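[1] sequence below, structure please.
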Amino acid sequence: MSRTTPGVLFVAFVLAVHSLSLVAATHPLKAGFYRRSCPQAERIVRNVVGPAVAANPGIGAGLIRLHFHDCFVRGCDASVLLEGSESEQMNIANLNSLRGFEAINEAKALLESQCPQTVSCAGVLAAARRLRVHRHPLQGPAGRGGRISLKAEADVLPSPFAGARSSARTLKEGMSLEDMVVLSGAHSLGIAHCPTFSRRLYAFNATHPQDPSMDAGLAEYLKRRCPPPGRDPTAVPLDVATPNLLDVQYYRNLKAGKGVLISDQTLWTSSLTANLVNSFAQKPNLWAKKYADAMVRMGAIDVLTGNQGEIRVKCSVVNSL
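    Next comes the predicted model:
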């Protein structure tokens with residue numbers, strides 16, 4: 001464990017709370033919205049998500065990813081939680097790779113038993129993600145749930161094969177290039193399956209079967225886990241150094257050629273983003289502040305209020321009309 005990690009996460013927590021209070025002053029949704037209508041909401045979410053992540057740290061990464069993949073499609077409306085043959089969950093970017101649904105559904109069921117139709121699924125998803133990162137789940141804006149989830153619309157999600165410039169074109173309104181690099185730091189947690197990076201090992205281009213920007217030691221490790229042709233569903237940590245910690249080791253890995261995905265490693269090899277990677281690798285506290293602020297901005301993307309959405313009884317299906 002890095003000596004700087006506890007301090008980094010504490011700073012992230014403090015600054016996140018500060019940033020969320022600022023959002024409350026400018027956003028139509030209010031921080032601590034459920035404090036009066038469902039005062040036990042924080043405890044309920046904490047009591048579900050905490051043990052789930054303790055039992056399986058991958059759930060923590062999964063909850064962060066769920067929130068990203070929700071907000072970058074229709075905004076933060078929990079549409080990614082809706083099930084169906086043509087839902088966002090069935091898009092190739094999400095299929096068989098999203099995690100954390102059980103924790104969300106369990107928390108929502110308990111909330112419904114205590115505070116019927118009070119806490120939205122978007123609120124539960126945002127709260128679970130904040131609990132994993134900042135341990136302060138129910139602050140900041142969280143809107144109502146959407147009623148639409150379309151497989152094709154998830155095509156806008158950033159690709160693991162994309163370069164920095166291509167990924168930048170997927171940014172939502174109000175999010176900056178810096179936000180993209182900052183939020184990519186969430187790949188300090190989580191996993192990648194062989195098909196998302198095997199091309200870098202065996203078929204990079206006509207001149208180099210193996211991506212020359214990849215560290216040789218990492219390449220050998222990945223080849224052992226994903227033998228050719230690398231199409232099996234084996235998973236590896238995105239950060240082999242500190243796989244269960246949200247820290248700046250991710251950026252240090254990129255500088256050493258140890259990014260697993262092309263979309264990660266290109267942040268260092270691209271002149272568009274290399275300076276940001278270098279800065280965050282050297283300044284953990286700076287990254288922590290930027291990450292807290294960027295998460296708040298992302299969580300406010302196209303939130304639904306009033307009649308624009310609904311408070312679903314079950315997060316996987318819309319309410320009956």
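[2] from the middle of its chain, how far away would whichever strand or helix holds A292 be?
    In this structure, A292 sits in helix 284-299 according to DSSP states H and E. Helix 284-299 sits 13 Å away from the centroid of its parent chain (C-alpha atoms, centre = their mean, to the nearest Å).
[3] in that helix, which residues are buried?
    Of all the residues in helix 284-299, those buried under the rule 16 or more other C-beta atoms under 10 Å are 284, 287-299. Where C-beta positions appear, they are placed from N, C-alpha and C, glycine not excepted.
[4] nearest to V317, of these?
    The closest of these to V317 turns out to be G299 (C-beta to C-beta; 23.4 Å).
[5] where does the chain have low pLDDT?
    Across the chain, the ranges flagged by pLDDT under 70 are 1-33, 130-142, 321.
[6] in it, which spans are helices?
    5-26, 34-37, 41-55, 57-74, 101-114, 121-133, 164-168, 177-184, 199-202, 216-225, 249-255, 262-269, 274-282, 284-299 (DSSP state H).
[7] out of those helices, deepest packed?
    helix 121-133 (a mean of 28; mean count of other C-beta atoms under 10 Å).
[8] ok so, going back, possible to save the helices of the chain as a markdown table with distance to L95?
    Converted to a markdown table, these look like this (distance: least, C-beta to C-beta, whole Å):
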| stretch | distance to L95 |
| --- | --- |
| helix 5-26 | 31 |
| helix 34-37 | 33 |
| helix 41-55 | 22 |
| helix 57-74 | 11 |
| helix 101-114 | 13 |
| helix 121-133 | 19 |
| helix 164-168 | 20 |
| helix 177-184 | 22 |
| helix 199-202 | 19 |
| helix 216-225 | 21 |
| helix 249-255 | 25 |
| helix 262-269 | 18 |
| helix 274-282 | 30 |
| helix 284-299 | 23 |
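[9] what's the closest of these to N307?
    Nearest to N307, of the helices of the chain and by C-beta to C-beta, is helix 121-133 at 15.1 Å.
[10] residues in contact with Y221?
    V236, V240 (C-beta atoms under 8 Å, 6 or more residues apart in numbering).
[11] please report how far it lies from L238.
    Y221 is 13 Å from L238, where distance means C-beta to C-beta, to the nearest Å.
[12] same check, this time on V317
    Distance from V317 to L238, by C-beta to C-beta: 32 Å.
[13] so which of the two has more stuff around it?
    L238 (23 against 12; other C-beta atoms under 10 Å).
[14] how's this structure carved up into domains?
    With domains defined by automatic domain parsing, the chain comprises 5-156+296-308, 164-293.
[15] end to end, how far does the shortest one reach?
    Spelled out, that is domain 164-293. 21 Å (C-alpha to C-alpha, to the nearest Å).
[16] centre of the chain versus it, how much separation?
    Mean C-alpha position of domain 164-293 versus that of the full chain (C-alpha atoms, centre = their mean) differs by 14 Å.
[17] now do the longest one
    Centre-to-centre, domain 5-156+296-308 and its host chain are 10 Å apart (C-alpha atoms, centre = their mean).
[18] what would the buried residues of helix 284-299 look like in a markdown table with distance to Q40?
    Below are those laid out as a markdown table (distance: C-beta to C-beta, whole Å):
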| residue | distance to Q40 |
| --- | --- |
| P284 | 35 |
| W287 | 34 |
| A288 | 30 |
| K289 | 31 |
| K290 | 33 |
| Y291 | 29 |
| A292 | 26 |
| D293 | 29 |
| A294 | 30 |
| M295 | 24 |
| V296 | 24 |
| R297 | 29 |
| M298 | 27 |
| G299 | 22 |
